[in-house]
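Enquirer: build me a model from this:
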Amino acid sequence: MPQAKTKPISKGDSSNQSQNLRSPICVILGHVDTGKCLARDTKILLANGKIEKVQNIKPGDLLMGDDETPRKVISINKGYDQLFKITNTLKESFEANKEHILTLVVSKEPIEIQNEENSQIRTVFWLENHHLKSKEFTQEMESQLNDFVKQKQKKGNKIGDTIDISIEEYLRKSEKWKEYYYSYKVSAEFAPQKIYHNPKKAGNYLAANYLTGKNYLETKKMEDQKFISNFAKYHKDHQDSIPYELKCNTKQTRSELLKGILETKGVEEEGKYIIGGLREKFAEDVVYLSRSLGLHSTMEQTKSENLETPEICERNYTVIIGKSNIEEEEKRIQTYAFKVEKTKYGDYYGFIIDHNNRFLLGDFTVTHNTKLLDKIRHSKVQDGEVGGITQQIGATYFPIETIKKQTKSLNKQNKYTYDLPGLLIIDTPGHESFANLRSRGSSLCDIAILVVDIHHGLEPQTKESINLLRKRKTPFVVALNKIDRLTDWKANPWSDFKQSLRKQGRNTKDHFQKKLKDTITAFNEEALNAELYYNNPNIRKYVSLVPTSAITGEGIPDLLMLLVQITQKRMSKTLRYLSELQCTVLEVKIIDGLGTTIDVILANGVLNQGDTIVICGREGAIVTTIRALLTPQPLKELRIKSEYMHHTQLKAAQGCKIAAAKLEFAVPGSPLLIPKNPNDPDELEFLKQEVMKDFNIMLSSVDKSGKGVYVQSSTLGALEALLEFLRESKIPVSGINIGPVHKKDVEKISIMIEKQKEYAIILAFDVKVMPEARELAQKRGVKIFTADIIYHLFDQFKLYMEQLQREKENKLSTEIVFPCQLSIISDYIFNTKDPIIMGVDIEEGSLRIGTPIVANLDENNSIYLGRVISIEKERAPVHQADKGSSVSIKIMSQHSETSYMYGRHFDSSHKLYSRLSRKSIDALKERYGEKSPEMPRDNWLLVIKIKKILKID
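Expert: From the prediction side, this is the model:
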């Protein structure tokens, strides 16, 4: 190929330069999302059903999402700003700053025909792409009006469509537009909790106690006495509330619980249930329970006329529940009109989450945050992916004409030329555990956008991305995001930054300069020079900072223009088409009419219809022929369904789809190679070995002992991330695979049931589990954890391992007895026989409630007195007392055991000891070891002493 003369951006006319260049590949890394900004004490619903205040949310916490799955908190932030109060028709409210994004739903018919009074004009209002539009028709245009309405009913927005919109943007909308959009609440699903009681009967019990104040034991028939007695004991620690295990359980358990409550005292009235006479805490729990099932529910306080009866005054709350089929378990939503009003200045707290960025407030209201790439391309394509986080390397192609339109405010005098055919943007995950996948993404890219929060500087994730880019020697520009949160910032949507900055007040400009200086200093600390992009003295030696807003779009034109400028100036050689192919498989998909296809990123070189290709396969290298080359329409993400364009040839850089035979076992994340001579067997064999290298390296991570979990993934990149997580967690791996979980995979791991049961697990990321595999797993006792978000798979596995550990500890706790040596205080004997109540001095060890006690009569005889059921120190009950304490204890024996009497069978001359056994000592060793603060060295010496006294082997 002849040398291409690439001229830098300069004055003059556009040339045909783009014909000699390929599109640069750009990757987005760093702080890619915009966090939430909620006022202090705003309640947030966690994925486990508990409610936490926003200021207490921490990275790693799991929040409840709008689709009943968890959202992981990646990072947090806080600040001080003007707050706005959002109040719905239930008079429930929360506060947030203007950048907070409301998630709203179209709640009434979006096509409306209005007849103007004393006029023959009829006006049609409709919503299209969430914009309110209108058109007028005269009486003579009746048929056209009907056709127009039918057309808009097909193409326009419909009831149930949702929109994510900032408070600031919402306030700029017309009152007419606001009439169509309501906030909404959704149901939630929680993980199953182990319960010991029938949830419906528990609902009967709870409602009867809290509604009447009477002892439920007296009001039920004898056949329920056993259940009531057991549940009453269990519930004694949950007075005035619904136990967590019942309230935050599966929908089935919660619906049965609610039916039990309604069955006891719920009154049906005009399409709703009314429950009156409740204490406040219980009323709040019933509302929570109802809303978690997607039911409309409110509570109100009623005045009691009987002021002389405090008990009645306490029970003055009424809960109203919208009547619905409680047995239905599908996701429900409830919509509410609302208003927004400016309130005080105050602290705000926020966080960045994964998935589709939607989560629930404590009252089950849905809310949201946004992404920088969405703003660049004016779309919500990322939300078409499961979870919103790009798990494989995605690609969006920006034609040069689109870039011209978005940067026209910077090129009004045609000062710059555009020599590139376009930009291909790769959006890689922004999480620490995806370093391997991001490395795979960075190795493909020519230039990167590093997103930095102007208010928080270089966070650990950002520094990791910088190190990654340095390692790959990839040039990058910085999107200094969230300028819209600067003090008193006046938004100028889609404006270039210099123009927006000129319109700001002095305080805002000063605030920006301070934050800019802080950012430059932070980069200096990382041994990097940085400067505002239009003041950059040398783009090779200084990192260019581009102030942007993912909310308003300000600075986006600058960012796109800078990408074009740098790539044209610095990469004239690297952007030329090369004959050497660089191509990576992204995904394997079955497409109607095409069969099995692969999505690829063509970073360099050329692909032709009819080319022989060699790719990595799960069962060995695959050699096949390209049957079709396909690309999506511009500005559509490659993995979102759309109309495809057919090509006979494609040049880099492109995201494209390949249709060919034998692709069923292709491995995503692996390289694609083309032989120079497809008829040369030696070349084909060499290429087969090349494409299988990465997969074979991962096979070497399998534990040679044969012990460990089984890992199944959709791509090589995800498999790398999973294996890295397990390696760092010191969890062995006994086998790996890519693709759906089949029966044979379950058979492989089921041998772990005998070897090490806790590792009889399949971690399946973004893959299907075949029905016969799931059935066999249930029979064999193999656990299969599945998720479409790697974070969620990690979390499931961690929770399971923690659960196993808790079960192990719970089992041990019933067997553990802590050693103690007591001396009886003869002047403080309060009851001499069962229950024995006396004062004691703790001479050695630690005394706890539940400790079995023996009296040592002589070197050959000891008698068992019973268990300590209470301890009092200075007239206050305590759970534990340690060496040096003087306490009063109550010892009770079981009825089946021999009762002994103080003064007759033993006295103050006899020492009292914990009744240890071989089993309890082994449990102590397993639980605490020999260096735990719970069991210091002196306590282990006491164990040895008691072993001799009680003659324990």
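
Enquirer: hey, let's count contacts and neighbours off CA atoms from now on
Expert: Fine.

Enquirer: isn't Tyr928 up against Glu934?
Expert: Yes - using CA atoms under 8 Å, Tyr928 makes contact with Glu934 at a distance of 7.1 Å.

Enquirer: where is the longest helix in this protein?
Expert: Longest helix in the chain by number of residues, with DSSP state H as the criterion: helix 790-815.

Enquirer: export only the CA atoms of the helix or strand following that one, formatted as PDB.
Expert: Counting by DSSP states H and E, the element after helix 790-815 in chain order, helix or strand, is strand 820-831. C-alpha atoms of strand 820-831 as PDB (Å, rounded to 0.1, in the frame of the first residue of the first chain):
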ATOM      1  CA  CYS A 820     -14.500 -21.500  84.000                       C
ATOM      2  CA  GLN A 821     -13.600 -22.100  87.700                       C
ATOM      3  CA  LEU A 822     -16.000 -20.700  90.300                       C
ATOM      4  CA  SER A 823     -15.900 -20.400  94.100                       C
ATOM      5  CA  ILE A 824     -19.200 -20.200  96.000                       C
ATOM      6  CA  ILE A 825     -19.800 -17.100  98.200                       C
ATOM      7  CA  SER A 826     -21.400 -18.700 101.300                       C
ATOM      8  CA  ASP A 827     -23.000 -15.400 102.500                       C
ATOM      9  CA  TYR A 828     -25.000 -15.100  99.200                       C
ATOM     10  CA  ILE A 829     -27.000 -18.300  98.900                       C
ATOM     11  CA  PHE A 830     -30.500 -17.200  97.800                       C
ATOM     12  CA  ASN A 831     -32.000 -20.600  96.800                       C
END
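
Enquirer: name the surrounding residues that touch strand 820-831.
Expert: 836-847, 907-914, 939, 942 (CA atoms under 8 Å, 6 or more residues apart in numbering).

Enquirer: can you do 6 Å?
Expert: Contacting residues not belonging to strand 820-831 are listed as 837-847, 908, 911-914 [CA atoms under 6 Å, 6 or more residues apart in numbering].

Enquirer: if any of those residues are buried, give me the PyMOL selection for them.
Expert: Buried residues within these, by 16 or more other CA atoms under 10 Å, are selected in PyMOL with:
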select buried, resi 837+838+839+840+841+842+843+844+845+846+847+908+911+912+913+914
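
Enquirer: about what we covered before: pLDDT of the longest helix of the chain, averaged?
Expert: Mean pLDDT, computed over helix 790-815, is 74.

Enquirer: ok now that helix, how far from the chain's centre?
Expert: Relative to the centre of its chain, helix 790-815 is centred 20 Å away, using CA atoms, centre = their mean, to the nearest Å.

Enquirer: quick check: longest strand in this structure by residues?
Expert: Criterion DSSP state E: the longest strand present in the chain is strand 70-88.

Enquirer: who does that one touch, helix- and strand-wise?
Expert: In terms of contacts (3 or more CA pairs under 6 Å, 6 or more residues apart in numbering; DSSP states H and E), strand 70-88 is packed against strand 62-64, strand 93-97, strand 338-353.

Enquirer: how big is the angle separating the longest helix of the chain from strand 70-88?
Expert: 100 degrees (axes from the mean of the first three to the mean of the last three CA atoms, to 10 degrees).

Enquirer: burial count for the closest residue to Met752 other than its chain neighbours?
Expert: Spatially, and ignoring its direct neighbours in sequence, Met752 is nearest to Ala760 (5.1 Å; CA to CA, 6 or more residues apart in numbering). Residues contacting Ala760 under the criterion other CA atoms under 10 Å number 26.

Enquirer: what's the answer for Asp510, then?
Expert: Neighbour count for Asp510, taken as other CA under 10 Å: 14.
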